[in-house]
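I'd like to go over a predicted model; first the sequence, then the structure.
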Amino acid sequence: MQLDPAFDMDGPVELDDLDRAVLWAMRSVAVGRVDCPSLRRTFLDLYGPPADQILCALMVMIRLMASRTSGGLRMHMPGSSAVSRDELLILAALSAVQAQAAENADASLAELLGLRRDPGLLAAVRYVADLLADRGRRLSGPERELWRPEPAKLNPRVHTVH
């Protein structure tokens with residue numbers, strides 16, 4: 001997991017409660033803590049019985065991304081108030097799929113994967129986005145232009161999830 005580049009969630013990046021729950025789940029999966037009772041309770045409150053299926057799908061998607069991304073995923077620890085560029089790209093891709101803006105999802109994933117097209121990964125993202133849309137829920141979809149980091153702020157010393 002990486003500490004930079006980071007953005008304060010109370011600053012320029014606005015995430016709603018569902019975005020924050022999905023971010024928490026992605027981070028928990030990345031550190032091997034998908035069994036967190038508080039996380040499961042949050043998803044049960046949001047989705048009811050499908051919660052376990054959603055958490056499992058998120059686990060598969062994040063692990064697939066980590067294995068197919070050349071530099072690994074740059075993610076923060078669960079509970080961190082910062083958000084990484086990779087985390088925002090994933091949220092943007094999920095939101096674009098929910099909004100049926102496939103070209104935006106493709107662009108977010110291509111940027112995350114270093115411009116490689118990966119149909120299997122896109123299918124996983126579409127599956128997770130569909131599950132997250134249960135009960136009419138939608139991710140807020142952070143605007144890409146608002147959070148694109150400046151190259152000078154990128155830290156070459158990063159820890160990654162593989």
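It's in.

what are the buried residues along the top helix by length along the chain?
Assignment by DSSP state H gives helix 51-68 as the longest helix of the chain. By neighbour count on 16 or more other C-beta atoms under 10 Å, the buried set for helix 51-68 is 51, 54-55, 57-59, 61-66, 68. C-betas here are computed from N, CA, C, even on glycine.

repeat that for stretch 68-77.
For stretch 68-77, by 16+ other C-beta under 10 Å, it's 68, 69, 72, 73, 74, 75, 76.

okay, angle between the helix or strand containing residue 45 and helix 51-68 too, please.
Following DSSP states H and E, the helix or strand that holds residue 45 is helix 37-47. With axes from the mean of the first three to the mean of the last three C-alpha atoms, to 10 degrees defining the directions, helix 37-47 sits at 120 degrees from helix 51-68.

tell me the helices and strands packed up against helix 37-47.
helix 17-30, helix 51-68 (3 or more C-beta pairs under 8 Å, 6 or more residues apart in numbering; DSSP states H and E).

can you list contacts of that helix?
The set of residues external to helix 37-47 that reach it, using C-beta atoms under 8 Å, 6 or more residues apart in numbering, is 18, 21, 24-25, 28, 33, 51-52, 54-55, 78, 134-135, 137.

average model confidence for it?
Taken as a whole, helix 37-47 has a mean pLDDT of 95.

would you put the C-alpha positions of that helix in CSV?
Output of helix 37-47 as CSV, limited to C-alpha atoms (Å, rounded to 0.1, in the frame of the first residue of the first chain):
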residue,chain,number,x,y,z
PRO,A,37,-17.3,-8.0,11.3
SER,A,38,-17.8,-4.2,11.2
LEU,A,39,-17.3,-4.2,7.4
ARG,A,40,-19.8,-7.1,7.0
ARG,A,41,-22.3,-5.4,9.2
THR,A,42,-22.1,-2.2,7.1
PHE,A,43,-22.7,-4.2,3.9
LEU,A,44,-25.5,-6.1,5.5
ASP,A,45,-27.1,-2.8,6.5
LEU,A,46,-26.7,-1.5,3.0
TYR,A,47,-27.6,-4.6,1.0
